[in-house]
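In: need a 3D model of the sequence below.
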Amino acid sequence: MLTTKNGEFVDEHGRVVNLRGINLGGSSKIPTNTTTNWLDAKTTTFVNRPFPISEASLHFERIRACGFTIIRFIVTWEAIEHEGPGIYDHEYIKYVRAILEKANEYNIQIYIDPHQDVWSRWTGGDGAPLWTLEKVGFDVTNFPVCEAAICQETFGQGHSTAERRKGKTFPKMIWPTNYFKLATATMFTLFWAGERFAPHFMVDDDDSSGKKVNIQTYLQRHYINAMAELLKHLNGLENIVGIGTMNEPSAGYINVNDLSKGYGQSGASSGAGSKELKYGLAPTPFQGMCLGEGHAQLVGDFSNGFMQHVLGKPDSWVTVDPMGKKAWNSDSNGCIWKQAGVWQTNPQTSQPVLLLPEYFANVDFGTECYLPFAKEYADTMRSVWKSKTQELLIFVELPPLEFSTTPFPEISSSTLPGAINATHWYDGVTLFTRSFKSYFSVNTQNHRPVFGYKKILKMHVSQLGEIKQLGNEKMDKAPTLIGETGIPYDMIESTTSKLIRTSKSITFRDTSSQQLAAMNHTMTCLEKNLLSFTLWNYTSDHSDRDGDIWNGENLSVYSEDHKCGLDKTNSYYIYDGLRAARAFVRPYAQYITGTPIVNEFDMAKGKFRLVYKQNGIKYDVPSEIFVPKLWCLKKADMKVSVSDGKYEVEDDDRWFILKYWHSMASAEHTVVIKVI
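Out: The predicted model follows:
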């Protein structure tokens with residue numbers, strides 16, 4: 001049983017729980033039958049995502065051997081309801097139950113993540129079914145020529161410099177720019193605030209009543225019902241501890257100050273105030289609407305470098321001409337925002353004219369849009385969830401802080417009981433440049449350079465500390481679990497650390513230290529804030545050629561291509577295929593009988609340290625420290641010292657558990673483990 005108290009996760013004994021886990025998995029965003037027609041959504045299947053049942057035992061054994069006790073399990077709305085509104089894929093739902101039952105055999109807890117990135121596969125990411133786009137009147141086949149979305153499947157049909165270049169390849173990390181393009185921005189605006197900004201947009205309800213409902217009600221109802229359909233079929237699985245509301249939601253146009261300038265509240269076109277990622281063609285919101293209706297526009301083309309981040313200017317200007325094609329299908333009434341009176345076509349000049357540049361301004365997304373949805377969502381999930389022991393925790397995510405234009409909302413425990421702060425954090429410079437430099441970084445909050453590792457460490461520790469404070473100060477002392485964090489393994493300057501076979505033995509040797517250093521840096525920042533987390537990610541079918549099988553990303557901690565062929569008799573067999581493993585497979589205290597002060601591992605010295613103080617509770621059980629056999633194969637390889645009390649070490653096949661009983665005579669307790 002997992003509950004919460006005073007900003008901490010606690011178990012049934014009242015011990016503080018440090019949750020460490022993994023996102024499973026990267027390729028779960030896309031169907032297993034990816035070779036089928038991209039537009040044939042009805043024959044889609046996500047069965048065997050993240051892996052077939054027959055392979056589950058080995059993967060869960062490996063995950064557990066890493067010390068991961070919780071999985072953020074990736075599902076998508078499309079996986080459940082791809083065939084049409086209200087038509088659920090029960091074969092997939094049955095598969096999900098079977099895979100989570102298998103996870104339970106390995107004592108792995110689960111929280112369900114309804115995942116999306118930039119709305120859907122047809123808008124450059126994953127998440128929603130195709131029929132949601134068709135319902136609002138979009139023609140996805142014209143998205144490339146109208147610059148309404150940039151997708152890997154249609155890359156080369158657009159107008160950007162990168163797409164016209166000979167030997168073109170889909171740029172790394174360009175997919176998030178879709179948050180700032182017509183299709184994604186429109187869908188999220190309608191989902192969160194259709195009643196406010198498109199009150200005219202009424203659609204037939206699906207209940208055969210003949211009534212019409214606003215598109216906001218329609219989309220939200222289907223999303224909520226789809227997740228409820230999945231959850232009710234998982235009843236009885238006691239390893240499920242919660243469900244997320246939505247991965248990295250976007251506010252769309254909501255709170256955009258001036259549609260002619262950019263997506264930021266301040267109206268800044270670039271830099272720290274823009275709240276916008278510009279990479280490739282970056283039409284303003286108004287330009288995006290015009291392009292969607294077939295009007296040619298002069299659009300800035302940005303690189304992810306000096307011109308944008310220092311000078312705030314595009315590398316070049318490109319004339320984008322849709323050649324009469326529109327992002328809206330012929331059966332629709334055209335641009336929703338034109339119908340709403342945001343803009344019009346001048347009858348004399350036939351040119352678009354912006355009438356209401358501040359149409360979406362002055363809206364608090366978190367309070368006015370997200371919270372009402374989250375409350376209805378949580379109420380519905382709890383109404384279908386039946387458990388004798390586990391309260392359903394609700395993992396809260398809002399737009400990534402770098403893109404958010406409104407404050408994090410006040411979320412009281414009475415409004416959203418059992419809420420968890422599941423905000424994400426990445427070292428953004430490393431993620432986007434695919435290079436880790438210990439001597440230089442950039443503060444992504446103010447776009448200022450940072451020099452020297454001590455200052456970089458301080459900056460990142462502070463950023464994570466600020467996220468943790470959101471749970472304490474904005475969510476009635478809710479615990480924080482960083483829902484996503486990790487590193488890109490396809491770093492430009494090096495190859496990945498892996499198991500190396502020598503003539504005498506199998507050892508971990510680093511062909512390059514860059515990934516190891518980057519992952520250790522991330523882990524250190526998390527530990528200094530005493531944070532729970534789920535790393536992004538474990539992709540069972542990762543390969544060097546295809547990465548995580550989605551948009552060229554390459555963040556999986558595991559890869560089949562990085563195995564060196566160990567057999568089951570080898571002590572390191574279970575770690576074979578893990579990348580930079582020594583950085584994240586490390587000793588840590590899983591259960592603490594007091595208030596933690598320090599729970600961290602010094603990778604360079606091979607030294608773990610736990611410090612905690614008594615909290616007034618007399619425990620019948622000990623603190624428990626996980627020590628992976630990646631670091632020491634025998635008890636004799638550990639040197640243990642304690643400040644007081646007693647300890648014993650239990651030996652499992654893949655790890656040791658050091659159990660520590662403190663003395664009640666001391667107020668503060670310390671355990672130090674040196675692994676040789």
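
In: how much space separates T186 from A327?
Out: To A327, T186 is 9 Å away according to C-beta to C-beta, to the nearest Å. Every C-beta, even on glycine, is put in place using the N, C-alpha and C of the backbone.

In: how about G252?
Out: From G252 to A327 the distance is 15 Å (C-beta to C-beta).

In: looking at those two, which is more packed in?
Out: Legend: neighbour count by other C-beta atoms under 10 Å for G252 and A327, higher for A327 (32 against 27).

In: can you tell me the closest non-neighbouring residue to the more buried one?
Out: G292 (3.8 Å; C-beta to C-beta, 6 or more residues apart in numbering).

In: which neighbours do T186 and A327 have in common?
Out: Common contact partners of T186 and A327 (C-beta atoms under 8 Å, 6 or more residues apart in numbering): F138.

In: how close does H562 sit to A374?
Out: Counting by C-beta to C-beta - H562 and A374 are separated by 39 Å.

In: what bridges to the residue nearest to L355 when sequence neighbours are not counted?
Out: Nearest non-adjacent residue to L355, counting by C-beta to C-beta, 6+ apart: W343, 5.6 Å away. Going by DSSP bridges, W343 is paired in beta bridges with L354.

In: now for W343, how many residues are close by?
Out: A count of nearby residues for W343, using other C-beta under 10 Å, gives 21.

In: residue contacts, it?
Out: With C-beta under 8 Å, 6+ apart, W343 has these contacts: 286, 289-290, 335, 337, 352-356.

In: could you identify the most distant pair in those?
Out: The span of those, defined through C-beta to C-beta, is set by C290 and L356 at 14.4 Å.

In: ok, now which ones touch V10?
Out: V10 is in contact with 2-4, 16-17, counting by C-beta under 8 Å, 6+ apart.

In: can you report phi and psi for it?
Out: The phi/psi pair for V10 (degrees, to the nearest 10) reads phi -130, psi 150.

In: how much space between it and G594?
Out: From V10 to G594 the distance is 12 Å (C-beta to C-beta).

In: anything in contact with each of those two?
Out: Residues touching both V10 and G594 comprise V16, with contact defined as C-beta under 8 Å, 6+ apart.

In: quick one: pLDDT of the residue sitting nearest the centre point of the chain?
Out: Closest to where the C-alpha atoms of the chain average out (C-alpha atoms, centre = their mean) is E484, at 4.8 Å. In this prediction, E484 carries a pLDDT score of 98.

In: cool, E493 as well?
Out: Looking at E493, its pLDDT stands at 59.

In: what's the answer for A41, then?
Out: pLDDT recorded at A41 is 83.

In: grab the nearest non-local neighbour of P449.
Out: Per C-beta to C-beta, 6+ apart, closest to P449 is V442, 5.7 Å.

In: that neighbour: neighbour count?
Out: Neighbour number of V442 under other C-beta under 10 Å is 17.

In: from memory it sits against F451, does it?
Out: No - using C-beta atoms under 8 Å, V442 is not in contact with F451, being 10.4 Å away.

In: gap between F451 and N443?
Out: With the distance defined as C-beta to C-beta, F451 ends up 11 Å from N443.

In: the more surrounded of the two?
Out: Per other C-beta under 10 Å, whichever of F451 and N443 has more neighbours is N443, with 18 against 10.

In: if I pick that one, what's in contact with it?
Out: 449-450, 459.

In: from those, which would you call buried?
Out: 450, 459 (16 or more other C-beta atoms under 10 Å).

In: so between C290 and L356, which is more surrounded?
Out: C290 (26 against 13).

In: can you give me phi and psi for the nearest residue to that one once chain neighbours are set aside?
Out: Closest residue to C290 apart from its sequence neighbours, by C-beta to C-beta, 6+ apart: P352 at 4.5 Å. Backbone torsions of P352, given as degrees, to the nearest 10, read phi -70, psi 140.

In: check A41 too.
Out: Backbone torsions for A41, taken as degrees, to the nearest 10, come to phi -70, psi -20.

In: burial count for S643?
Out: Using other C-beta under 10 Å: S643 sits among 14 other residues.

In: cool, Q351 as well?
Out: There are 10 residues near Q351, going by other C-beta under 10 Å.

In: show me the contacts for it.
Out: Q351 sits in contact with 295, 345, where contact means C-beta under 8 Å, 6+ apart.

In: likewise for the one 10 residues further on?
Out: If you count contacts by C-beta under 8 Å, 6+ apart, A361 has them with 255-258, 265.

In: return the closest of the residues you listed with respect to D427.
Out: Of all the contacts of A361, D427 sits closest to Q265, with 25.3 Å by C-beta to C-beta.

In: poorly predicted segments of the stretch 201-350 of the chain, please.
Out: Where the stretch 201-350 of the chain drops to pLDDT under 70, the residues are 207-208, 264-275, 306, 308-311.

In: which residues in it form strands?
Out: Counting by DSSP state E, counting those that start in this stretch, the stretch 201-350 of the chain has these strands, from start to end: 202-204, 212-214, 240-244, 280-281, 297-302, 316-320, 343-345.

In: can you lay out those strands as TSV showing distance to V140?
Out: Formatted as TSV, the strands of the stretch 201-350 of the chain follow (distance: least, C-beta to C-beta, whole Å):
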stretch	distance to V140
strand 202-204	18
strand 212-214	23
strand 240-244	26
strand 280-281	18
strand 297-302	20
strand 316-320	18
strand 343-345	22
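
In: wait, which of those is closest to L555?
Out: strand 240-244 (18.7 Å).

In: direction included, what does that closest one pair against?
Out: Strand 240-244 has the following strand partners under DSSP bridges: strand 109-115 (parallel), strand 393-396 (parallel).
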